[in-house]
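> let me see the structure of the following:
(2 chains)
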Amino acid sequence: MTVTAQPAVGEKALPGATGPTPRRRTGRVRRIALPYLLLLPALLLELLVHLVPMVIGIVMSFKELTQFYIRDWGAAPWAGFDNYSLSVDFDAPVGEALLHSFFVTCAFTVLSVGLCWLLGTTAAVYMQETFRGRGFLRAIFLIPYALPVYAAVITWAFMFQRDNGLVNHVLHDQLGLTDSPSFWLIGDNSFVALLVVSVWKGWPFAFLIVMAGLQNIPKELYEAAAIDGAGMLQQIRRITLPSLRPVNQVLVLVLFLWTFNDFNTPYVLFGKAAPEAADLISIHIYQSSFVTWNFGTGSAMSVLLLLFLLVVTGVYLVLTSRGRRAADV
Amino acid sequence: MSSQSLSKRSVPKRSVPKRSLSAPRSPMAAPRSFLWSRRIFLTLLTGFVLLPVYVMLSSSLKPLQDVSGEFRWVPSGLTIRPYIDIWSTVPLAKYFVNSLIVAGAATVFSVVIAIFAAYGVSRYRFRGKRLFTVTVLSTQMFPGILFLLPLFLIYVNIGNATGIALFGSRIGLILTYLTFSLPFSIWMLIGYFESVPRDLDEAAMVDGCGPLGALFRVVVPAAVPGIVAVAVYAFMTAWGEVLFASVMTNDTTRTLAVGLQGYATQNDVYWNQVMAASLVVSVPVVAGFLLLQRYLVAGLTAGAVK
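Take a look at the predicted model:
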């Protein structure tokens, strides 16, 4: 296999090589071209699926792209900044709904990322030392991460059913905490439901990353601290948490981006129409695009979302890197 | 060769028990209060994690009246009826085959393409290398919804212009999914390839292998655990994706991610069947993940820890 593949690459690089010393030039061309040839498939696909669509998305946001133009989107009339001004006109229904969705998403993301991080870190610190059943427990904790999103979330949707779900059975029938069975998947409670599912699904990743980070802390640090009389809590506060800083910097950012952009969880939990209290931004854009078939406005909202994420990521990286440097000094 | 390198790569996992033998955190015994709080916390957390798993498993074996009325912790009787009925309520087998084809093909292509790209990055210096890695990785942070609309249009327009049906076809979905896992796969494989000593492929080239010969005869066999990890990750990504599947498939190409919701749109939701179907579609990925988790965990975390 390799024997046949190798000359083929050489031949591809060959056409330019017609000189007095073809053998040497072929070798050189091949050496220069080879890394690019190796990257070419990956590059082409990334271009097709990510980069070109992104550019087109930006162009689309300046077009009046309604359902009449979908077959031939180039013919859609230019809209200038109309799509943007429609999106950010917070007094009109479209802008108001977008702003509401944005705030819901922010609150959801802060709570979800915070809880995921807290659960993951606590579990990882508790499981830093080996004990019997630790490996087994770790495998169990990774199940939410391994389960396909739709299978897990549909199970939660069943648990949150008003009449035959587990949650109301426990809260109402068994504990008597509520006067009547509550609705979880519509109305204000849906925010709580979404948060619970999101944390359940997201914390194992934090656990995984923090576990790996803990393995890199040299045990001599703990030994030295113990000799100096530091107790367990002090060791965690003075050694474990500061050592995790670089890991946390990446982890929190990744969790933030995933949670903020999450589409799958609310989509499976609520179906196409998310309740207002849990109207995450991805769902919101999806709905306003595919329900009204107005891709121009949807694209403008997507671009605004991207800009927001870029700014937040940039500020976050600058702030945390500076904090890290200051902490090092 | 590969078995030897297999044991070499598993060093990060091995170091766990070794370190714990010498009691990592405190040479003095952990205080009793710590042990108790650990016991309580981990028990509660296990309960939280396993609750849906229990509901899924127990409900999938319940008769219909158990899941239509008030929730029951203990089934009134066990039946495997749901596992038989799921195949006829919705065309689950078709969805299953579609998912297998799409996820399988996306995995194979993603892994092969990632191997080439990672080899290029890890073994060669060239102009634009940093730009390539940064660009590829940064695509990970962008919201899927941003690509969805343009990609939808691109596929529709390519279809109109060339007659190649990307929209609604498996090929379109395969292309999309394989690029989703590609950045992370390349990133993980670069790390694995760099841990394979360069002397090995140089020796192979001296022996007359070309660069690709060295890649497939030396580097790839030495990085099998990493490639397994990447394959598991790519498969899980494709198997679990919902957003693009919901837009880019039609009746014949529908995958499980969308098809599973078919049970909920029936007039009566047969929750025992929904749970049985959820369990059935979860088994391939969860089993694969738990079997291969040490490789995947090592690969996933390598980048974050570095």
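
> show me where the stretch 101-250 of chain A has strands.
Under the criterion DSSP state E, counting those that start in this stretch, the stretch 101-250 of chain A carries no strands.

> distance of the closest residue to chain B within it relative to residue A:218?
Nearest residue of the stretch 101-250 of chain A to chain B: residue A:212, at 3.3 Å (CB to the nearest CB). Just so you know, the C-beta spots here come from the backbone N, C-alpha and C atoms, and that holds for glycine as well. Plainly put, residue A:212 is 15 Å away from residue A:218 if you go by CB to CB, to the nearest Å.

> compare these two (neighbour count), which wins?
residue A:212 (20 against 12; other CB atoms under 10 Å in any protein chain shown).

> if we can go back for a sec, shouldn't the residue of the stretch 101-250 of chain A closest to chain B be in contact with residue B:296?
No: here residue A:212 does not reach residue B:296: they are 11.7 Å apart, not a contact under CB atoms under 8 Å.

> who are the contact partners of the spatially most central residue of chain B?
Centroid-nearest residue in chain B: residue B:236, 2.2 Å away (criterion: CA atoms, centre = their mean). Residue B:236 makes contact with A:146, A:148, B:285, B:288, B:289, according to CB atoms under 8 Å, 6 or more residues apart in numbering or on different chains.

> what of residue A:301?
A:87, A:98, A:281, A:284, A:285, A:288.

> secondary structure element for residue B:214?
If you go by DSSP states H and E, residue B:214 is part of helix B:211-214.

> what pLDDT does the model give residue B:110?
On the pLDDT scale, residue B:110 is placed at 94.

> need the contact list for the nearest residue to residue A:188 once chain neighbours are set aside.
Setting aside the residues directly before and after it, residue A:188 is nearest to residue A:277 in space (CB to CB, 6 or more residues apart in numbering or on different chains), at 4.7 Å. Each residue near residue A:277 by CB under 8 Å, 6+ apart is listed here: A:104, A:187, A:188, A:189, A:190, A:191.

> per-residue pLDDT, residue A:277?
pLDDT at residue A:277 comes out at 90.

> what's the spacing between it and residue A:87?
Separation of residue A:277 from residue A:87 (CB to CB): 21 Å.

> what about whichever strand or helix holds the residue nearest to the centre of chain B, average pLDDT?
Using DSSP H and E, residue B:236 maps to helix B:224-240. Here helix B:224-240 scores 89 as its mean pLDDT.

> for it, output the C-alpha coordinates as PDB.
Listed next in PDB are the C-alpha coordinates belonging to helix B:224-240 (Å, rounded to 0.1, in the frame of the first residue of the first chain):
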ATOM      1  CA  VAL B 224      -2.300   2.800  17.700                       C
ATOM      2  CA  PRO B 225      -3.700   3.800  21.100                       C
ATOM      3  CA  GLY B 226      -4.000   7.400  20.000                       C
ATOM      4  CA  ILE B 227      -5.700   6.400  16.800                       C
ATOM      5  CA  VAL B 228      -8.100   4.300  18.700                       C
ATOM      6  CA  ALA B 229      -8.900   7.300  20.900                       C
ATOM      7  CA  VAL B 230      -9.400   9.500  18.000                       C
ATOM      8  CA  ALA B 231     -11.700   6.900  16.300                       C
ATOM      9  CA  VAL B 232     -13.800   6.600  19.400                       C
ATOM     10  CA  TYR B 233     -14.100  10.400  19.700                       C
ATOM     11  CA  ALA B 234     -15.000  10.800  16.100                       C
ATOM     12  CA  PHE B 235     -17.600   8.100  16.300                       C
ATOM     13  CA  MET B 236     -19.200   9.500  19.400                       C
ATOM     14  CA  THR B 237     -19.300  13.000  17.800                       C
ATOM     15  CA  ALA B 238     -21.100  11.700  14.700                       C
ATOM     16  CA  TRP B 239     -23.400   9.400  16.600                       C
ATOM     17  CA  GLY B 240     -24.600  12.000  19.000                       C
END
